[in-house]
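1. Build me a model from this:
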Amino acid sequence: MRKGISKNFLKFLIVIIAFQDVAAGVAGSIMADIIAAFPNFNPTIVMLVATFPGLIQIVPALFYGKLTQIFKKRTLLFTGLSLFIIGGIMPFFLESLPLIIAFRGLLGLGVGITMPLSVDIISDFFENKERDFLIGFGTSTIACIGAIFFQLVGGILADAYGWQFGFLSYLFPLWILAITFLYLPEPEKKVKEEKHFVKTKIPRVVLGVSLGQVFYSALIFGYVTNISVVIQGENLGNATEAGMAISVFTFGTLLAGLIFGRVKNKLQITYMPVAVCMTGLGMGICYFSHSLTMIFLGSVVGGIGMGIGLPGIFARISDATPKESGTSYVGFAVAAQGVGGIIGPFSFAVILNMLNQDIGRFPLLISTLGLLGLALIWLIAIKLPSQEPQISLEP
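-> Residues are numbered from 1 along each chain as shown. Sure, this is the predicted structure:
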């Protein structure tokens, strides 16, 4: 630890990195205005302004482990934050939709670096209960605060001055770049004394958890895109109250991040299936509810489940990473989250077409059944013997 840096200040420096993990959502909050600004383009193309970062973040996340072997983590952090800020703010100056989408891709590259780094660097400095608390606090609580901030400030600026001004909210992380540059120390190499790393092998549990993350992220899509349809379509509330349901879900995730460490310590290996089951239970409450109050209750339950599940995935992968490997696999979880976000809309569309169903309540049922099934599979998987072959990346 750098001389003069207190332990609590180090914790602050580390968790604040997660502030922009889901900040790409600024475009989603002002999408109607962006579509109106480009009437000559198909709305599906315009929506790439919101979805393209999630696609591009997969690329650096997949190779994050290799990047940490080549570059210092401080270098990766400053590169990721710089890409994020440049890619985020440039649409303010542009009138060309293709260029705006391209810079949104640059933002996605930044997120693909900083998101796994925000988890990985916690494991570099802290262990056991402290590490678990910081992973939950960072990936759920701080990330949700960041998401709320960017969506709220971006929306306020867009409403007051025009849609392009919404992208000025990406100036805010400049202080994070500055303070981490000045004070965050470079983590020590875990295998400092060895000249050659052993063959890079991926534990099977890492691949299994990452695959589960794909399905988990895809199934959550059913709630995010359909809860407002249920509320407004069935006259249970207006657009503001529909937005509040998602805010309540986010608030549940935020709160769960504060208790993740305690939950993991209490439940030991079963915290992941419990979290996924709770997310599915929240979806189920929303599916069966015919009042706004019960939908809010289901949203809180589902949000709490996700607030335990997402950091749980990162923590499980960190636990499964051999200490002597000299690499990190948390990027796999970030890439899996991006893949799940991409395949979710297409998977739901295929299922709805096959069963001749419409949007609204039925996708909530799909999410409920899918998440409960995933929880059961995860529970069975963690009860299997831990002796497992390792999968090598080397020929």
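
2. Under the pLDDT cut-off, which ranges of the stretch 201-350 of the chain? List them.
-> 324-326 (pLDDT under 70).

3. need the strands for it, in chain order.
-> 201-203 (DSSP state E, counting those that start in this stretch).

4. how is this protein carved up into domains?
-> What automatic domain parsing lists as the domains of the chain is 1-186, 201-384.

5. Next, format these as TSV and append mean neighbour count.
-> Any C-beta I mention is one placed from the backbone N, CA and C, and that applies to glycine too. Shown next, in TSV, are the domains of the chain (neighbours: other C-beta atoms under 10 Å):
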stretch	mean neighbour count
domain 1-186	19
domain 201-384	20
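
6. Compute the first-to-last residue distance for stretch 34-41.
-> End-to-end span of stretch 34-41 (C-alpha to C-alpha, to the nearest Å): 11 Å.

7. how distant is it from the center of its chain?
-> Averaging C-alpha positions (C-alpha atoms, centre = their mean, to the nearest Å) puts stretch 34-41 28 Å from its chain's average.

8. Can you tell me, leaving aside adjacent residues, what's nearest to residue 52?
-> Here the nearest residue to residue 52 in space, its sequence neighbours aside, is residue 104; by C-beta to C-beta, 6 or more residues apart in numbering that works out to 4.9 Å.

9. any idea which helix or strand comes after the helix or strand the one you found falls within?
-> Taking DSSP states H and E as the criterion, residue 104 maps to helix 97-125. Counting by DSSP H and E, the next helix or strand C-terminal to helix 97-125 is helix 128-136.

10. so how far is the helix or strand just after that following helix off the chain centroid?
-> Per DSSP H and E, the first helix or strand lying C-terminal to helix 128-136 is helix 143-161. Helix 143-161 sits 17 Å away from the centroid of its parent chain (C-alpha atoms, centre = their mean).

11. what angle separates helix 143-161 from helix 97-125?
-> 150 degrees (axes from the mean of the first three to the mean of the last three C-alpha atoms, to 10 degrees).

12. and whatever helix or strand comes next after helix 143-161, what's its mean pLDDT?
-> Next helix or strand after helix 143-161 toward the C-terminus (DSSP H and E): helix 174-183. Here helix 174-183 scores 92 as its mean pLDDT.

13. And helix 174-183, what does it pack against?
-> Counting contacts by 3 or more C-beta pairs under 8 Å, 6 or more residues apart in numbering; DSSP states H and E, helix 174-183 packs against helix 7-15, helix 73-89.

14. Mind exporting the C-alpha coordinates of it to PDB?
-> These are the backbone C-alpha positions of helix 174-183, laid out as PDB (Å, rounded to 0.1, in the frame of the first residue of the first chain):
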ATOM      1  CA  LEU A 174     -13.200  13.100 -14.600                       C
ATOM      2  CA  TRP A 175     -12.800  13.400 -10.900                       C
ATOM      3  CA  ILE A 176     -12.600   9.600 -10.500                       C
ATOM      4  CA  LEU A 177      -9.800   9.600 -13.100                       C
ATOM      5  CA  ALA A 178      -8.000  12.300 -11.300                       C
ATOM      6  CA  ILE A 179      -8.200  11.000  -7.800                       C
ATOM      7  CA  THR A 180      -7.300   7.400  -8.700                       C
ATOM      8  CA  PHE A 181      -4.400   8.700 -10.800                       C
ATOM      9  CA  LEU A 182      -3.100  10.600  -7.800                       C
ATOM     10  CA  TYR A 183      -3.600   8.100  -5.000                       C
END
